[in-house]
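Visitor: this one's structure only:
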């Protein structure tokens, strides 16, 4: 593992920057970061119930314009504009669901009738949808029925659909059961969205709006597991504000809070989408850099220092201390040692320095 004070020039292979650290390798349970981990089994169950109730060979759930809990939905392009939409299909003999975008036209139409049943007995005879992709592609759908899914605040979430390759009609009991099943799915999606919102609040630092210590610990475990599984390097940066206590004493704690909030935005600006920034505690911030070796961590640190130098700060310019640690696939250590190493490198930077000004 490589430990570096990132205020010194980077020299690849420099022995003065390396220290061997050994320890027991920690084996963690795999962390599933897929946003669909909870969703797809639920959707598979509801589609299976819908097709059974209506005696249909296939079913589908579409996500239209509202969030249903996905962090990384597919992006469709409609009339030149990006649109976050998805479709989950279940065909005869299929155990789960397949996320495949086929045709949104009928689902968009069904969504214009909130909490109602849309039933089209024969698409090929329908004046509006005879030329649709569902009616003419694969599968070649003839019968289509859908229940629109609406959240408790009125957002249209999407549709629950059943289909057949021959013209037909639902019976009155089937229509009633299908509508009730749609209401149950709405309740499930609403409950999940509420849970995600609450969970997000517990993982967010109230002052800065970035991750808090709890979310940092969870993310570090996740990235450590991925590092072991994929044999990719992992780097960690620790950052804190020099003379922050003097800044607070001079300008007051509200000014100190405003400084930390501003710094969080500056630290986030040079990061990749895969990087993770959290407030580690007090005036200390932590950055997780997946798939980043020693040189990559150095480049990120340089961009951070430049961003801090360019930023406009209230009252007076600030200085920061950075430290980093990088673990490679061949290194034998645990993620606790990685964290300690980065923290130690940061404090090595601060050691022996005399305050210049607040």
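Guide: Great, that's in hand. Computed from a predicted model, the values in this text were never measured in an experiment. Numbering: from 1, shown residues only.

Visitor: just the mean pLDDT for the helix or strand hosting residue 348, thanks.
Guide: Taking DSSP states H and E as the criterion, residue 348 maps to helix 335-350. Mean per-residue pLDDT for helix 335-350: 72.

Visitor: same deal with stretch 118-134?
Guide: Here stretch 118-134 scores 94 as its mean pLDDT.

Visitor: now do stretch 215-230
Guide: On average, stretch 215-230 scores 88.

Visitor: if we can go back for a sec, tell me how far the helix holding residue 348 lies from the chain's centre.
Guide: 27 Å (C-alpha atoms, centre = their mean, to the nearest Å).

Visitor: for the remainder of this discussion, apply numbering that starts at 316.
Guide: Sure, I'll start numbering at 316, so the last one becomes helix 650-665.

Visitor: what is that helix packed up against?
Guide: On a contact count with 3 or more C-beta pairs under 8 Å, 6 or more residues apart in numbering; DSSP states H and E, helix 650-665 meets strand 317-320, helix 528-545, strand 549-556, strand 599-605, strand 635-642. (C-beta placed from N, C-alpha, C; glycine too.)

Visitor: and the angle from the longest one to helix 650-665?
Guide: Looking back up the chat, that one is helix 528-545. With axes from the mean of the first three to the mean of the last three C-alpha atoms, to 10 degrees defining the directions, helix 528-545 sits at 120 degrees from helix 650-665.

Visitor: likewise the last one?
Guide: Following the same axes, to 10 degrees, one obtains 150 degrees for the angle between strand 635-642 and helix 650-665.

Visitor: give me the low-pLDDT residue ranges for the stretch 316-465 of the chain?
Guide: 316-352, 381-399 (pLDDT under 70).

Visitor: cutoff 90 now
Guide: The model of the stretch 316-465 of the chain has pLDDT under 90 over residues 316-357, 378-402, 407-418, 427-431, 452-455.

Visitor: so how far is the helix ranked longest in the chain from its chain's centroid?
Guide: As assigned by DSSP state H, the longest helix anywhere in the chain is helix 487-517. Here helix 487-517 shows a centroid-to-chain-centroid distance of 21 Å under the convention C-alpha atoms, centre = their mean.

Visitor: only the buried residues of it, if you could.
Guide: Buried residues in helix 487-517, counted by 16 or more other C-beta atoms under 10 Å: 489, 490, 492, 493, 496, 497, 500, 501, 503, 504, 505, 508.

Visitor: check contacts around the second one.
Guide: Spelled out, that is residue 490. 432, 434 (C-beta atoms under 8 Å, 6 or more residues apart in numbering).

Visitor: try it again at 6 Å.
Guide: residue 432 (C-beta atoms under 6 Å, 6 or more residues apart in numbering).

Visitor: please apply the same query to the third one.
Guide: Listed by C-beta under 6 Å, 6+ apart, the contact set of residue 492 reads residue 368.

Visitor: report pLDDT for it.
Guide: Reported pLDDT for residue 492: 97.

Visitor: ok so, going back, just put the helices and strands packed on helix 650-665 in a markdown table and tack on distance to residue 660 and mean neighbour count.
Guide: A markdown table is the format used below for the helices and strands packed on helix 650-665 (distance: least, C-beta to C-beta, whole Å; neighbours: other C-beta atoms under 10 Å):
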| stretch | distance to residue 660 | mean neighbour count |
| --- | --- | --- |
| strand 317-320 | 5 | 22 |
| helix 528-545 | 16 | 18 |
| strand 549-556 | 7 | 26 |
| strand 599-605 | 12 | 24 |
| strand 635-642 | 3 | 25 |
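
Visitor: need the ones you listed in CSV with distance to residue 429, can you?
Guide: CSV is the format used below for the helices and strands packed on helix 650-665 (distance: least, C-beta to C-beta, whole Å):
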stretch, distance to residue 429
strand 317-320, 58
helix 528-545, 36
strand 549-556, 47
strand 599-605, 42
strand 635-642, 52
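
Visitor: distance of residue 621 relative to residue 584?
Guide: 10 Å (C-beta to C-beta, to the nearest Å).

Visitor: repeat that for residue 442.
Guide: For residue 442 relative to residue 584 (C-beta to C-beta), the value is 53 Å.

Visitor: of the two, which one has the most company?
Guide: residue 584 (11 against 6; other C-beta atoms under 10 Å).

Visitor: could you check the angle helix 528-545 makes with the host helix or strand of residue 592?
Guide: Following DSSP H and E, one finds residue 592 within strand 591-596. Counting by the same axes, to 10 degrees, strand 591-596 lies at 140 degrees to helix 528-545.

Visitor: any idea what residue 464 is bridged to?
Guide: Per DSSP bridges, the residues bridged to residue 464 are residue 473.

Visitor: neighbours around it, how many?
Guide: Counted with other C-beta under 10 Å, residue 464 comes out at 28.
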